[in-house]
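Chemist: Quick one, what's the 3D model for this:
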Amino acid sequence: MKSVLITGANKGIGLETVKQLSRRGFFVYLGSRDIEKGNVVANELAMNGFVNIRPIEIDVTKPETILSAYSIIQKEYGHLDVLINNAGISGIVPQNSLETNIDTYKEVFDTNLYGVIRVTQTFISLLQKSAEPRIVNVSTSVGSLALQSNPEWPAFDYAKYVVYGSSKAAMNMYTIHLAYEMRATPFKINAVCPGLTKTDFTNFNGGEVDVAANRIIKYALIDESGPTGKFFSEETNPEVGEIPW
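Modeler: You can find the predicted model right below:
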């Protein structure tokens, strides 16, 4: 049975990803920065027939919780097959380049970039014990420099999220470098935009959460011939999925 750790998984797209991977036979570590919320969700899932789901405390801004989660998974499972870096925040809105306080940048980057780096660097040794290690960094088309600077892009005139977009663009660059450094190994590492989705993150605007989760799972399950070091948004480019950085 393959194992997966999903950060920020007690609600929204992360929670739906937990459900779908449980149905696919994974042992799922449901990462939650508030373990009480994680326990409540896991109990509800169990009552609804979901199996092999283990809530685990992990706050990507707190290294001690990441190390604790690592120790638990190492002891219980011994390796990790898939890491889905899903935890993320948008920061206050609206955001603009000249007025948004630097403290907002620090807060958002601490989760969206530094959190991904902390978790990935900590769990890489457990992933290296897998025959088919996969990392999915949950991103957004708002983090694409090419799209955000294209006047013909349908979302060009939408409200800009300068802090959120900058943090995801930085995470995308980290994904590129990580995939390059691991290119000679079995790792497959990609950035995936699940699309605008009906969750509290978007004030419940957008598409269905099961569709978004499936977009993430697709790249968690790719075989050895699959892509690595790429950026995918099937909402933006339904035909081939890949979008420009």
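Chemist: which residue is nearest the centroid of this structure?
Modeler: Geometric centre of the chain, nearest residue: Asn86, 2.4 Å, by CA atoms, centre = their mean.
Chemist: Surely it touches Leu5?
Modeler: No: the pair Asn86 / Leu5 is not scored as a contact, 9.7 Å apart, by CB atoms under 8 Å. Bear in mind the C-beta positions are built from the backbone N, C-alpha and C, glycine included.
Chemist: residues in contact with the residue nearest to the centre of the chain?
Modeler: When contacts are counted by CB atoms under 8 Å, 6 or more residues apart in numbering, Asn86 touches 6-9, 13-14, 17, 31, 138, 216.
Chemist: Tell me which entries of those residues lie within strands.
Modeler: 6, 31, 138 (DSSP state E).
Chemist: Serialize the residues you listed to CSV and add fields for distance to Ala184 and pLDDT.
Modeler: Output for these, formatted as CSV (distance: CB to CB, whole Å; pLDDT from 0 to 100):
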residue, distance to Ala184, pLDDT
Ile6, 27, 98
Gly31, 29, 98
Val138, 25, 98
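Chemist: Serialize those residues to CSV and add fields for distance to Phe50 and neighbour count.
Modeler: Below are the ones in strands among the contacts of Asn86 laid out as CSV (distance: CB to CB, whole Å; neighbours: other CB atoms under 10 Å):
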residue, distance to Phe50, neighbour count
Ile6, 13, 31
Gly31, 16, 32
Val138, 21, 26
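Chemist: Point to the helix or strand of the protein where mean pLDDT is at its lowest.
Modeler: helix 145-148 (a mean of 94; mean pLDDT, DSSP states H and E).
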